[in-house]
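Novice: Next come a sequence and a model predicted from it.
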Amino acid sequence: MIRILSALLFALASALCAAAGQELQLAEGAPNRHVVVPGDTLWGISATFLREPWRWPEIWRMNREQVSNPHRIYPGDLIVLERDARGNPRLRLQGSKLRPQIHAEPTQEAIPSIPPNVIRPFLTDALLFDTSSLDKAALIVATPEDRVHLSNGDLAYVDQADPKQREWNIFRKDRPLYDPDSTAIIGYEAFHLGTAEQLRPGAPATFEVLTAKQEIGRGDRLLPARRQPVIAYAPHKPDFLVDARVVSVYGGVDTAGRGSIVALNRGAVDGIEVGHVLAAERNRAVTQRDENDRQTLVTIPDQRVGLLFVFRTFDRLSYALVVQAENTIDVNDFARTP
């Protein structure tokens, strides 16, 4: 019943867009065909064909279920642009002559939605928690010869570590994230410092630092390494109105650009899902003086400053990649349905 309702809502949203005259517009110089090559992404190919890449499901004529589980596209596949009887553009996947059609032992992975090298670390390395979970995580309690900072190959002595777990991620103590609307704490963000291997269990256990992205020392926390696979999803806009805010730019800075990761104050309980594309917008007001030299506040129309691609969701928060940036994207900027 829920799936049927979701499909109806998606179809209704598509119909409303068509009724509003929002026809699909091809990108300038859109090709008639495109051969998929290694390094391509669904987002990049959609931007090749469409002015509004988030309308990818429409040009493919996807239903709601296919949005979450899109067609598998591989290097060597041929994507053809054609038009239906009404002249509306659509894409079709034509059988490839450039790769062997042997499916029992595939030698290539399907192309991802967005660059995996950009988001893969954030599927495990950058963590958002509903509560301050790191308070109970394994803890670095000592270093050799009282060293202040640890680097690759150094030993660390860790308390509260599961003796059965060998591979670990190291984190700096999490910081609270506040909802700009309610000022309430809606989650905690931990910063990934590196990786470590448990050499000898004990109290404390002996660890070796394998990689160090930042300075590591006493008081830092460790969590078991559990890698999550990069899942396939089609870029698409939400079929409801989203009014979210940027609450954090990963790395402890206040400004983001193309390729940055931002946290939003909306998550799965708000209907946000992997693959959603949101417009980053800025609302601002300026102080002017009228003819009587009195100060007045003038609200400037919303300004779009970029596009965000949601790739991981939590209950009340989500991570998004900045895929386009016409300007800087700042903490407290809005993320809305494009």
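Specialist: Good, I have the coordinates.

Novice: What are the phi and psi values at the closest residue to Ser113 other than its chain neighbours?
Specialist: Sequence neighbours aside, Leu42 is the residue nearest to Ser113 in space, at 4.6 Å (criterion: Cβ to Cβ, 6 or more residues apart in numbering). To be clear about C-beta, it is placed using only N, CA and C from the backbone, and glycine gets the same treatment. Torsion angles at Leu42 (phi, psi; degrees, to the nearest 10) stand at phi -60, psi -40.

Novice: Glu65 too?
Specialist: Torsion angles, degrees, to the nearest 10, at Glu65: phi -70, psi -40.

Novice: With Pro144 instead?
Specialist: phi -60, psi 130.

Novice: Phi first, then psi, for the nearest residue to it once chain neighbours are set aside.
Specialist: Excluding the flanking residues, the one nearest Pro144 by Cβ to Cβ, 6+ apart is Leu155, at 5.4 Å. Phi and psi for Leu155, reported as degrees, to the nearest 10, are phi -90, psi 150.

Novice: Also the one 3 residues further on?
Specialist: Taking degrees, to the nearest 10, you get phi -120, psi 130 for the backbone angles of Val158.

Novice: I'd assumed His71 was in contact with the residue nearest to Ser113.
Specialist: No - here Leu42 lies out of contact with His71, judged by Cβ atoms under 8 Å, at a distance of 9.7 Å.

Novice: out of these two, which sits in the busier spot?
Specialist: Higher neighbour count among Leu42 and His71: Leu42, with 23 against 14, using other Cβ atoms under 10 Å.

Novice: distance of that one from Val67?
Specialist: Distance, Leu42 to Val67, using Cβ to Cβ, to the nearest Å: 11 Å.

Novice: Which neighbours do those two have in common?
Specialist: Residues touching both Leu42 and Val67 (Cβ atoms under 8 Å, 6 or more residues apart in numbering) are Ala234.

Novice: so what's the residue lying closest to Ile216 once chain neighbours are set aside up against?
Specialist: Closest residue to Ile216 apart from its sequence neighbours, by Cβ to Cβ, 6+ apart: Leu150 at 4.4 Å. Taking Cβ under 8 Å, 6+ apart, we find Leu150 in contact with Thr143, Ala156, Val209, Ala212, Glu215, Ile216, Gly217.

Novice: In those, which has the lowest confidence score?
Specialist: Within the set of the contacts of Leu150, pLDDT is lowest for Glu215 (90).

Novice: Can you give me the end-to-end span of stretch 65-74?
Specialist: With Cα to Cα, to the nearest Å as the measure, stretch 65-74 spans 20 Å from end to end.

Novice: buried residues in stretch 268-279?
Specialist: Residues of stretch 268-279 classed as buried under the neighbour-count rule (16 or more other Cβ atoms under 10 Å) are Asp270, Ile272, Glu273, Val274, Gly275, His276, Val277, Leu278, Ala279.

Novice: From the opening residue of that stretch to its closing one, how far?
Specialist: Using Cα to Cα, first and last residues of stretch 268-279 are 18 Å apart.

Novice: again, but for stretch 251-262
Specialist: End-to-end distance of stretch 251-262: 9 Å, with Cα to Cα as the criterion.

Novice: Centre of the chain to stretch 113-129, how far?
Specialist: Chain-centre distance of stretch 113-129: 7 Å, with Cα atoms, centre = their mean, to the nearest Å.

Novice: again but with stretch 152-167, I slipped
Specialist: 30 Å.

Novice: how close does the closest residue to Phe240 other than its chain neighbours sit to Val277?
Specialist: Excluding the flanking residues, the one nearest Phe240 by Cβ to Cβ, 6+ apart is Gly271, at 6.1 Å. For Gly271, the distance to Val277 equals 14 Å [Cβ to Cβ].

Novice: Ok, Gly219 next?
Specialist: When Gly219 is compared with Val277 (using Cβ to Cβ), they lie 39 Å apart.

Novice: Next: Arg304.
Specialist: Going from Arg304 to Val277 by Cβ to Cβ gives 12 Å.

Novice: swap in Pro116?
Specialist: For Pro116, the distance to Val277 equals 18 Å [Cβ to Cβ].

Novice: quick one, helices of the stretch 1-150 of the chain?
Specialist: 2-19, 42-49, 56-60, 64-68, 116-119 (DSSP state H, counting those that start in this stretch).
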